[in-house]
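K.L.:
Predicted model follows, preceded by the sequence.
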Amino acid sequence: MEREEGEQTITTATATRTSKTRTPAKTAEEKKAQAEALHQSITDQVEALRDSGRWAAFLNFAQAFHAYSLNNVLLILSQMPEASRVAGFRKWQALNRQVRKGSKAIRIFGYSTKKVTEEDANGDEVERKVARFPILSVFEVSQTDLIDPALGDPSTLTALLTGADDHGIVDALSAYLIGEGWAVERRPLPGSMNGVTRPKEMTVVVDSDLSPEAAAKTMMHECAHILLGHINDLAEYAQHRGLMETEAESVAYVVAGMVGFDTSAYSVGYIAGWANADTDLIKSTAARVLRTAHQIAVILIPEDDATDTPADDETAA
């Protein structure tokens, strides 16, 4: 996204995580065990979701979409990086959704064949098929609204977080990213887009309309993408998007749990959707997720953080 006039970049040089109640610092082994348990809980919750009617409805919805070629996926992402489900105008209507008036179409290449009759070298008429690649217009699910809400909305498995406390995460990770040469912005983002990382511009944008808690989770998600190297190669990201989104959101969920809040209302459905509820895939991410979660946790809760015990309370031997 281009930065619009009047938007401000966060330029905080330093930030610290604050807490109303200090608790004794955990040992390295305790932190490791906590992170591993949090990652395992993702698998448990995804398994429970997979057995629910909610997942069946979502799956039926997801299976209605065409599988696009890699070239078209790259075209879609270059025009709308947050895109997940795209379809044509009438396809959306068939799925009980109406494209919003004024929505900007995403342009991709279609494929069709046309029969032509030509003369061969002997002067005989021969018929052959010629491939055609017409330009088509498609729209992302965030550009649509339900036509009949009474029929339900199977398009999403996530619920935005509404907590009023960001646990010091937004300032702390903003300061870290700025120190690494990134710009961090809060401004409105289109549709259901919560955050986006622009590697060429070295910019991370978090939607200004998010609640403090949702903004904190989004900052951890975007920071995870950067630390995991997901956004270094757009073609690589397009090919392995499900895995990369699974990893980034898993990191956010694990770190949030270590800091002291629960993102499962959003994270579990998000991970299930991108991983296709494949718990083996989720388990396979453990090493990278836990390593990255530790990196972010250290930024938020330094290893040498003091414990509850004040120095002047110490008793001389």
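P.N.:
Okay, I see it.

K.L.:
C-alpha from now on. contacts and neighbour counts both.
P.N.:
Noted.

K.L.:
who are the neighbours in contact with the closest residue to residue 113 other than its chain neighbours?
P.N.:
In space, and not counting its chain neighbours, residue 113 is closest to residue 131: 4.5 Å by CA to CA, 6 or more residues apart in numbering. Residues near residue 131 by CA atoms under 8 Å, 6 or more residues apart in numbering: 111-114.

K.L.:
closest to residue 153 among the residues you listed?
P.N.:
Residue 153 lies nearest to residue 111 out of the contacts of residue 131, by CA to CA, at 30.6 Å.

K.L.:
can you tell me the helix or strand for the residue lying closest to residue 227 once chain neighbours are set aside?
P.N.:
Nearest residue to residue 227 in three dimensions, chain neighbours excluded: residue 292, at 6.8 Å (CA to CA, 6+ apart). Assigned by DSSP states H and E, residue 292 belongs to helix 286-300.

K.L.:
Quick one: mean pLDDT over that helix.
P.N.:
Average pLDDT, helix 286-300: 96.

K.L.:
any idea how far residue 175 is from the closest residue to residue 119 other than its chain neighbours?
P.N.:
Nearest residue to residue 119, sequence neighbours excluded (CA to CA, 6+ apart): residue 125, at 4.4 Å. With distances taken as CA to CA, to the nearest Å, residue 125 is found 72 Å from residue 175.

K.L.:
of these two, who's got more company?
P.N.:
Using other CA atoms under 10 Å, the more surrounded residue of residue 125 and residue 175 is residue 175, with 22 against 11.

K.L.:
Take the contacts of residue 131 and keep only those in strands.
P.N.:
Applying DSSP state E to these, the entries found in strands are 112-114.

K.L.:
Which parts of the stretch 51-200 of the chain are helices?
P.N.:
Shown for the stretch 51-200 of the chain, the helices assigned by DSSP state H, counting those that start in this stretch span residues 53-62, 70-79, 89-94, 169-179.

K.L.:
Name the residues that touch the longest helix belonging to the chain?
P.N.:
Using DSSP state H to define each element, the chain has its longest helix at helix 28-50. Residues from elsewhere that reach helix 28-50, judged by CA under 8 Å, 6+ apart: 55-56, 250, 253-255, 257-258, 268-269, 271-272, 277, 279, 282-283, 286, 290, 293.

K.L.:
now with 7 Å?
P.N.:
Contacts with helix 28-50, where a contact means CA atoms under 7 Å, 6 or more residues apart in numbering, come from 55, 254, 257-258, 268, 272, 277, 279, 282, 290.

K.L.:
Check the offset of that helix from the chain's centre.
P.N.:
The chain centroid and the centroid of helix 28-50 are separated by 19 Å under CA atoms, centre = their mean, to the nearest Å.

K.L.:
Show me which positions of it end up buried.
P.N.:
The neighbour-count check on helix 28-50 (16 or more other CA atoms under 10 Å) flags 32, 34-36, 38-43, 46-47, 49-50 as buried.

K.L.:
Take the residues you listed and lay them out in TSV including distance to residue 142 and pLDDT.
P.N.:
Listed next are these as TSV, based on distance: CA to CA, whole Å; pLDDT from 0 to 100:
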residue	distance to residue 142	pLDDT
32	38	93
34	35	95
35	33	96
36	34	97
38	30	97
39	29	97
40	31	97
41	29	97
42	26	97
43	27	96
46	24	96
47	27	96
49	23	95
50	24	93
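
K.L.:
that older thread, so can I have a markdown table of the contacts of residue 131 showing distance to residue 82 and pLDDT?
P.N.:
Below are the contacts of residue 131 laid out as a markdown table (distance: CA to CA, whole Å; pLDDT from 0 to 100):
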| residue | distance to residue 82 | pLDDT |
| --- | --- | --- |
| 111 | 24 | 81 |
| 112 | 28 | 77 |
| 113 | 31 | 79 |
| 114 | 34 | 80 |
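
K.L.:
and of the residues you listed, the nearest to residue 213?
P.N.:
Taking CA to CA as the measure, residue 111 is the one of these closest to residue 213, at 44.1 Å.

K.L.:
From what I see, the closest one and residue 130 are in contact.
P.N.:
No: the pair residue 111 / residue 130 is not scored as a contact, 10.6 Å apart, by CA atoms under 7 Å.

K.L.:
Return the distance of residue 112 relative to residue 186.
P.N.:
From residue 112 to residue 186 the distance is 43 Å (CA to CA).

K.L.:
Of these two, which one has the most company?
P.N.:
Under the criterion of other CA under 10 Å, the comparison of residue 112 against residue 186 puts residue 186 first, with 18 against 10.

K.L.:
Wait, that one touches residue 206, no?
P.N.:
Yes: with contact defined as CA under 7 Å, residue 186 counts as touching residue 206 (5.0 Å).

K.L.:
and residue 256, that one's in a helix?
P.N.:
Yes: applying DSSP: H, G, I helix; E, B strand; the rest coil, one finds residue 256 inside a helix.

K.L.:
so what pLDDT did the closest residue to residue 129 other than its chain neighbours get?
P.N.:
Nearest in space to residue 129, with sequence neighbours left out and distances taken as CA to CA, 6+ apart, is residue 115 at 4.6 Å. For residue 115, the pLDDT comes out at 81.
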